[in-house]
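A.B. asks: prediction below, plus the sequence it came from.
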Amino acid sequence: MTKAGRAPTIYDVAAAAGVAPSTVSRAFARPGRVSAATAARIHRVAEDLGYRVNPLARALQNGASSTVALVVSDVTNPVFFAIIRGVEAAAGAAGYTMMLADTQESESLERTLLDRLLPAVGGIVLASSRLSDRAIRAVAAQRPTVVLNRVVAGTRSVVPDTASGVEAALRQLSEMGHRSVTYVAGPEASWVNGARWRAVLDVAGELGLRVARTGPNLPTVSGGLAAAEAMARRVPSAVLAYNDLLAIGLLRGFGQAGIRVPDRTSVIGFDNVFGSDFCSPPLTTVATPLRAMGTAAFQELERAMKAEPLPASPVVSLTSQLVVRGSAGPRSRKRTSPASRTTRVSASASQNPGSTVVGST
């Protein structure tokens with residue numbers, strides 16, 4: 001540390017070594033352009049002062065980096081907690097530093113952040129990106145890129161097995177006597193939202209369930225509160241929510257309206273985020289292997305950074321499982337109604353089979 005107690009800078013090292021700051025920079029970034037004696041003196045002085053090279057600054061100088069970026073759509077959403085840990089742990093084990101960026105569910109902010117990040121990192125993981133497929137392919141043309149929670153043609157992707165999770169949830173409701181289910185949708189720009197709705201249509205047809213859809217909704221607790229208020233007059237027999245935050249908002253909203261869960265209506269969420277078992281009643285949810293998805297995303301990114309050829313099937317799909325808690329129960333004998341915009345599905349609709357484990361906590 002310097003006498004003033006601040007971290008030493010490249011200028012402090014230059015002054016102590018009796019060289020120009022640009023020489024210090026070359027000694028760390030391009031050692032072949034500095035004499036061995038000068039480089040040795042600079043490194044010795046830097047060590048004495050406790051100077052550490054900024055990896056981002058080095059990346060900007062070299063045009064290459066041991067830093068990777070994870071870009072998430074909302075860092076406050078607990079669905080990303082385990083994903084972040086998975087990417088960070090895998091990157092660290094491979095000798096990389098992970099940089100985290102939050103786009104706040106904004107496509108324009110995501111574009112701005114990527115413009116700043118691309119020159120400084122060796123690769124990008126886009127988690128729940130709100131960009132168009134074309135924009136994502138443009139990013140991938142500049143840096144190795146992996147897309148998480150979405151499939152984009154021509155890029156490496158890591159996604160949960162949506163069909164297996166939806167099948168487990170709807171089969172559980174069917175076995176409990178429910179004859180209809182309402183899907184509470186998430187953001188329109190979410191690829192996973194569309195995939196889950198398509199799976200609901202397929203599986204409901206196989207099980208003979210009537211289905212309805214409401215939304216789009218914010219993927220937040222407040223979004224769930226608003227959805228519950230909209231459904232309070234025509235309470236569905238059962239609800240499958242886009243994610244756990246929406247489902248938790250539904251539980252709160254129904255509770256405030258005096259609608260008992262699961263006595264009057266059943267609620268199932270998606271992702272099994274931290275806190276989903278703290279609700280009253282605890283939330284039944286489709287558990288997505290979030291940390292494993294983060295790990296797989298970095299592994300795919302490392303393959304891309306090593307310029308390994310894109311495989312014929314560049315999508316890694318990880319199996320989900322249903323975690324049964326207290327928010328889903330037998331169909332109420334009280335009269336319930338599907339939400340507006342009901343979609344009837346014939347029993348001949350196709351089902352996409354998947355491997356699912358039904359468990360309880």
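C.D. replies: Yes, it's here.
A.B. asks: what about the helices in this protein?
C.D. replies: Here the chain has its helices, by DSSP state H, at 10-17, 21-29, 36-49, 55-62, 79-93, 107-117, 133-142, 162-175, 191-207, 221-231, 244-256, 290-305.
A.B. asks: out of those, which is closest to residue 70?
C.D. replies: Closest approach to residue 70 among the helices of the chain is made by helix 79-93 (4.9 Å; Cβ to Cβ). In this view, the C-beta of every residue, glycine as well, is placed from N, C-alpha and C.
A.B. asks: what average pLDDT does that closest one get?
C.D. replies: Mean per-residue pLDDT for helix 79-93: 95.
A.B. asks: tell me the pLDDT of residue 334.
C.D. replies: We have a pLDDT of 58 for residue 334.
A.B. asks: ditto for the one 4 residues further on
C.D. replies: Among the per-residue scores, residue 338 holds a pLDDT of 45.
A.B. asks: what number of residues lie near residue 286?
C.D. replies: 28 (other Cβ atoms under 10 Å).
A.B. asks: got it, and residue 35?
C.D. replies: Using other Cβ under 10 Å, the number of residues around residue 35 comes to 11.
A.B. asks: do the one 5 residues further on as well
C.D. replies: The local packing count at residue 40 equals 12, with neighbours defined by other Cβ under 10 Å.
A.B. asks: next one: the one 5 residues further on
C.D. replies: Close neighbours of residue 45, defined as other Cβ under 10 Å, add up to 20.
A.B. asks: check residue 93 too.
C.D. replies: Residue 93 has 10 nearby residues by other Cβ under 10 Å.
A.B. asks: also the one 10 residues further on?
C.D. replies: Residue 103 is surrounded by 24 other residues when neighbours are defined as other Cβ under 10 Å.
A.B. asks: what do you get for residue 12?
C.D. replies: 22.
A.B. asks: ok, residue 37 next?
C.D. replies: Neighbour number of residue 37 under other Cβ under 10 Å is 8.
A.B. asks: so it versus residue 151, what's the distance?
C.D. replies: From residue 37 across to residue 151, the span is 55 Å (Cβ to Cβ, to the nearest Å).
A.B. asks: not counting sequence-adjacent ones, nearest residue to residue 140?
C.D. replies: Closest residue to residue 140 apart from its sequence neighbours, by Cβ to Cβ, 6 or more residues apart in numbering: residue 155 at 5.0 Å.
A.B. asks: now do residue 217 against residue 243, distance only.
C.D. replies: Residue 217 is 10 Å from residue 243, by Cβ to Cβ.
A.B. asks: how about residue 319?
C.D. replies: Going from residue 319 to residue 243 by Cβ to Cβ gives 18 Å.
A.B. asks: burial measure for residue 252, as a count.
C.D. replies: 17.
A.B. asks: contact partners for the residue lying closest to it once chain neighbours are set aside?
C.D. replies: Excluding the flanking residues, the one nearest residue 252 by Cβ to Cβ, 6+ apart is residue 225, at 6.0 Å. With contacts defined as Cβ atoms under 8 Å, 6 or more residues apart in numbering, residue 225 is in contact with 249, 250, 252, 253, 256.
A.B. asks: so residue 81 sits against residue 273, correct?
C.D. replies: Yes. Using Cβ atoms under 8 Å, residue 81 is in contact with residue 273, at 7.4 Å.
A.B. asks: any shared contact partners between the two?
C.D. replies: Here residue 81 and residue 273 have residue 290 as joint contacts, going by Cβ under 8 Å, 6+ apart.
A.B. asks: what about those two, which has more around it?
C.D. replies: residue 273 (24 against 16).
A.B. asks: and that one, what's its pLDDT?
C.D. replies: In this prediction, residue 273 carries a pLDDT score of 91.
A.B. asks: how near is it to residue 232?
C.D. replies: Separation of residue 273 from residue 232 (Cβ to Cβ): 25 Å.
A.B. asks: ditto for residue 129
C.D. replies: Relative to residue 232, residue 129 is positioned 34 Å away (Cβ to Cβ).
A.B. asks: neighbour count winner among these two?
C.D. replies: residue 129 (28 against 14).
A.B. asks: list the contacts for that one?
C.D. replies: 71, 73, 103, 110, 136, 147, 150.
A.B. asks: which among these gets closest to residue 198?
C.D. replies: The nearest member of these to residue 198, counting by Cβ to Cβ, is residue 150 at 13.9 Å.
A.B. asks: is the closest one in contact with residue 194, as I believe?
C.D. replies: No. Checked against Cβ under 8 Å, the pair residue 150 and residue 194 is beyond contact range at 9.8 Å.
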